[in-house]
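>>> Could you work out the structure for the sequence below:
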Amino acid sequence: MCIRRRCAARAPTVWGWDARPYPYFPARDEVWSDGGNYARGHWLNGRASARSLAGVAAEVCLESGVAEYDVSRLYGLLRGYAAGDAGTGRAELQPLMLAYAFDAVERDGVLRFQSRNGRLDGDVEPDRLAVSDEAEADLVMVRAPEAEMAGRVRLSFIEAGADYETGAEEAIFPDEATRSVAASELPLVLTRGEARGIAERWLAEARVARDTAKFSLPPSRLGLGAGDVVRLPDETGGAADFRIDRVEMAEFQMLEAVRVEPELYVPSDAVEVAARPRPFVAPVPVYPLFLDLPLLRGDEVPHAPHVAATARPWPGSVAVYDSAADEGYGLNTLLGAAAVVGETKTALQRAAPGVLDRGAPLRVRLVSGELASASLTEVLGGANAAAIGDGSPGNWEVFQFTGAQMVGERTWEITGRLRGQAGTDGIMPEVWPAGSVVVLLDGTPAQIDLALSNRGLARHYRIGPAQRGYDDPSYTHLVEAFDGVGLRPYAPVHLAWLRDAAGDDHLSWVRRTRIDGDSWQGAEVPLGEESESYAVRVMQGGAVVAETVVSQPSFTYGAGQRAADGVAGAYAIEVAQVSVQFGPGPYRRIEIDE
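Below you'll find the predicted structure:
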């Protein structure tokens with residue numbers, strides 16, 4: 001349906017405003033068969049917001065304090081321009097001058113803008129050239145060598161009608177002998193046809209402008225200046241057209257010019273191909289996961305959790321809003337890509353950390369994305385890290401894997417696992433049942449912004465498609481508090497005990513560190529905490545019968561103290577390293593027999 005309005009004679013006429021939404025019309029030609037007519041048609045859709053090039057140049061002049069200007073000879077239409085922090089009016093105009101082929105010259109105190117057309121402004125006869133003592137000859141012509149010419153021109157731009165994504169077009173000189181490429185980027189909204197035309201014009205202009213001329217004119221020819229096209233005699237006895245690019249006033253006008261051809265500025269008659277915008281994706285709820293993880297690389301914020309999200313289809317980006325109450329939300333984090341998230345279809349039994357788990361494959365069905373195998377060297381360097389858990393923020397085991405084989409639609413089997421990485425061996429259960437959640441830690445999950453003072457406090461989170469407001473039904477509302485697992489000490493290892501002749505039990509262990517513990521340079525790994533402290537508790541019959549705190553990796557439980565505590569027979573001792581900020585980490589247990 002078109003809305004057409006006939007106005008009074010000599011008044012503007014609105015013609016061809018179409019009710020079909022742009023850019024889906026004309027792009028959806030499988031829906032509307034007349035989409036191919038758009039490029040040469042009368043539609044205003046997608047064009048009414050364009051600005052005249054003359055109007056934009058005039059606005060830049062006014063903003064720069066230039067009151068005397070003339071844009072009457074400037075033609076063209078500007079679809080969009082990301083000027084950014086250009087700084088000066090000249091810097092703002094430069095991309096436009098390159099793209100739309102116009103010059104800015106000052107004459108008689110007026111800044112004049114004129115589109116290049118290659119039309120002749122005057123002839124210069126050989127006998128009318130001025131003789132200058134500074135010049136080698138009356139007329140000096142130079143042709144640049146072929147080797148200096150680029151055989152390809154590549155232009156990057158903002159594509160109109162395609163969600164303003166970056167596009168690129170390339171022009172190649174036929175039978176080009178050189179392999180050099182001249183690449184340029186313009187912050188302009190262009191169609192592909194327009195960008196291709198600009199690249200082709202640049203390539204042709206560079207070839208034609210190989211010929212340059214230097215000459216002088218007497219004061220009687222002051223009417224010629226920068227931007228004018230003059231005809232000069234060439235070496236073959238004919239004539240060629242040159243555009244004056246530089247004028248130096250002395251006793252004579254000393255001019256520099258480059259050769260031009262009017263055909264370079266004739267618009268192409270190629271039919272424009274409509275851009276294909278991304279298909280519409282209805283907003284659907286995303287599946288968000290919070291992961292309160294230990295330090296993996298070492299440069300993370302230790303108390304801040306990660307957030308991952310996935311959805312089918314993926315909405316493009318996901319926003320995370322947070323607030324202390326269920327109101328007054330502020331944007332916290334944007335997720336630009338879907339995380340690789342899956343659900344286990346088989347159980348994963350407990351395994352020893354630090355050695356490859358060569359047990360049965362772990363079968364995982366992914367929501368989206370894919371997995372890949374990696375060599376053992378790559379895995380030891382940090383590749384193929386993943387987290388498995390029950391979906392709650394703080395209960396995640398970090399593991400790595402060498403093998404990933406696709407065995408069905410979105411279904412993979414993971415083998416060659418390194419379990420309990422980054423100190424999570426201390427919270428590894430006897431079994432992760434089928435239905436557990438697996439998240440690939442490939443850098444896609446991002447840390448949220450969380451103040452240290454908010455650690456452990458419940459906050460409200462709304463997570464959903466970034467194109468929608470946080471009050472949209474597609475958003476998921478969560479209330480979560482985070483312990484800051486990045487601050488959690490690792491569980492001690494190598495617990496050992498010995499009973500002496502007096503009946504006293506002597507316990508020892510080796511501490512670990514959560515910070516910079518991979519280096520083999522030092523004699524001891526860094527402490528990683530403000531002070532060395534361990535919580536020790538004595539267990540019997542499933543109950544805690546005694547607790548203490550020691551400052552060294554050893555503890556003596558004397559026979560007299562055991563009797564006072566009522567401990568007889570077999571018992572167990574559990575040890576955890578203590579952090580001033582986090583408290584005790586995971587406990588390691590040793591059974592002590594009589």
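>>> what's near enough to touch the residue lying closest to residue 294 once chain neighbours are set aside?
Distance criterion Cβ to Cβ, 6 or more residues apart in numbering; nearest residue to residue 294, sequence neighbours excluded, is residue 422 at 4.2 Å. C-beta coordinates here come from the backbone N, C-alpha and C atoms, glycine included. Going by Cβ atoms under 8 Å, 6 or more residues apart in numbering, residue 422 touches 293, 294, 295, 296, 398, 514.
>>> Select from these every entry located in strands.
Residues of the contacts of residue 422 located in strands (DSSP state E): residue 398.
>>> any chance of the contacts of residue 422 in TSV, with pLDDT and distance to residue 573 too?
Putting these into TSV (pLDDT from 0 to 100; distance: Cβ to Cβ, whole Å) gives the following:
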residue	pLDDT	distance to residue 573
293	97	29
294	96	25
295	95	28
296	94	31
398	98	27
514	93	23
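>>> and of the contacts of residue 422, the nearest to residue 181?
Lowest distance from residue 181 to the contacts of residue 422 (Cβ to Cβ) belongs to residue 296, with 40.1 Å.
>>> pLDDT wise, what is the nearest residue to that closest one once chain neighbours are set aside at?
Leaving aside its sequence neighbours, residue 296 sits nearest to residue 422 (Cβ to Cβ, 6+ apart; 5.8 Å). Residue 422 carries a pLDDT score of 95 in this model.
>>> And the one 5 residues further on, by the same measure?
If you check residue 427, the pLDDT there is 95.
>>> Ramachandran angles for it?
Note on residue 427: backbone dihedrals following degrees, to the nearest 10 are phi -120, psi 10.
>>> now swap in residue 438 and tell me
phi -120, psi 130.
>>> need the contact list for it.
341, 342, 343, 344, 362, 364, 386, 387, 388.
>>> which residues does it bridge with?
With DSSP bridges as the criterion, residue 438 is bridged to residue 342, residue 388.
>>> before we move on, back to that, for the contacts of residue 422, which one is nearest residue 122?
Closest to residue 122, out of all of those and judged by Cβ to Cβ, is residue 296, at 72.4 Å.
>>> I'd say the closest one and residue 385 touch.
Yes. With contact defined as Cβ atoms under 8 Å, residue 296 reaches residue 385; the gap is 6.5 Å.
>>> any common contacting residues for those two?
In contact with both residue 296 and residue 385: 398, 441, using Cβ under 8 Å, 6+ apart.
>>> Determine the longest helix present in this protein.
As assigned by DSSP state H, the longest helix anywhere in the chain is helix 192-208.
>>> So which elements touch the next helix or strand after that helix?
The helix or strand immediately downstream of helix 192-208 is strand 211-217, counting by DSSP states H and E. If you count contacts as 3 or more Cβ pairs under 8 Å, 6 or more residues apart in numbering; DSSP states H and E, strand 211-217 packs onto strand 139-143, strand 239-249, strand 253-259.
>>> hmm, 7 Å instead?
Contact here means 3 or more Cβ pairs under 7 Å, 6 or more residues apart in numbering; DSSP states H and E; on that basis strand 211-217 packs against strand 139-143, strand 253-259.
>>> Make JSON lines out of the ones you listed and add distance to residue 522.
Output for the helices and strands packed on strand 211-217, formatted as JSON lines (distance: least, Cβ to Cβ, whole Å):
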{"stretch": "strand 139-143", "distance to residue 522": "67"}
{"stretch": "strand 253-259", "distance to residue 522": "67"}
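>>> and residue 31, which of those strands is closest to it?
strand 253-259 (48.9 Å).
>>> If you count contacts, what does that closest one end up packed against?
strand 211-217, strand 239-249.
>>> winner for burial among the ones you listed?
Greatest average neighbour count among the helices and strands packed on strand 253-259 goes to strand 211-217 (a mean of 20), per mean count of other Cβ atoms under 10 Å.
>>> Who does that strand pair with, and is each partner parallel or antiparallel?
Partners of strand 211-217, by DSSP bridges, with direction: strand 139-143 (antiparallel), strand 253-259 (antiparallel).
>>> So for the next helix or strand after the first one, mean pLDDT?
Taking DSSP H and E as the definition, the helix or strand that follows strand 139-143 towards the C-terminus is strand 152-159. For strand 152-159, mean pLDDT rounds to 91.
>>> what's the answer for stretch 543-558, then?
95.
>>> That stretch: end-to-end distance?
19 Å (Cα to Cα, to the nearest Å).
>>> Excluding its own residues, what touches that stretch? List them.
Residues outside stretch 543-558 that contact it (Cβ atoms under 7 Å, 6 or more residues apart in numbering): 492, 504-511, 532-538, 565-567, 578.
>>> That one: which residues count as buried?
Neighbour-count burial for stretch 543-558 flags 546, 550, 553, 555, 557 (criterion: 16 or more other Cβ atoms under 10 Å).
>>> nearest to residue 37, of these?
Using Cβ to Cβ, the buried residues of stretch 543-558 come closest to residue 37 at residue 553, 81.7 Å.
>>> Look up how far residue 492 lies from that closest one.
Counting by Cβ to Cβ, to the nearest Å, the separation of residue 553 from residue 492 is 7 Å.
>>> Overlap in contacts, those two.
Contacts common to residue 553 and residue 492, judged by Cβ under 7 Å, 6+ apart, are 509, 510, 511.
>>> Hmm, the second one is touching residue 493, no?
In other words, residue 510. Yes. The pair residue 510 / residue 493 is scored as a contact, 5.3 Å apart, by Cβ atoms under 7 Å.
>>> Look at residue 421 and say how many residues are nearby.
Per other Cβ atoms under 10 Å, the neighbour tally for residue 421 reads 21.
>>> who's in contact with the closest residue to it other than its chain neighbours?
In this structure, residue 421 finds its nearest non-sequential neighbour in residue 398, 4.3 Å apart by Cβ to Cβ, 6+ apart. Going by Cβ under 7 Å, 6+ apart, residue 398 touches 293, 294, 385, 387, 421, 422, 424.
>>> So which of the residues you listed is surrounded by the most neighbours?
Most surrounded of these: other Cβ under 10 Å gives residue 293, at 27 neighbours.
>>> The stretch 1-150 of the chain: helices as residue ranges?
24-27, 53-63, 89-100 (DSSP state H, counting those that start in this stretch).
>>> how many neighbours does the nearest residue to residue 264 once chain neighbours are set aside have?
Nearest residue to residue 264 in three dimensions, chain neighbours excluded: residue 204, at 5.4 Å (Cβ to Cβ, 6+ apart). A count of nearby residues for residue 204, using other Cβ under 10 Å, gives 16.
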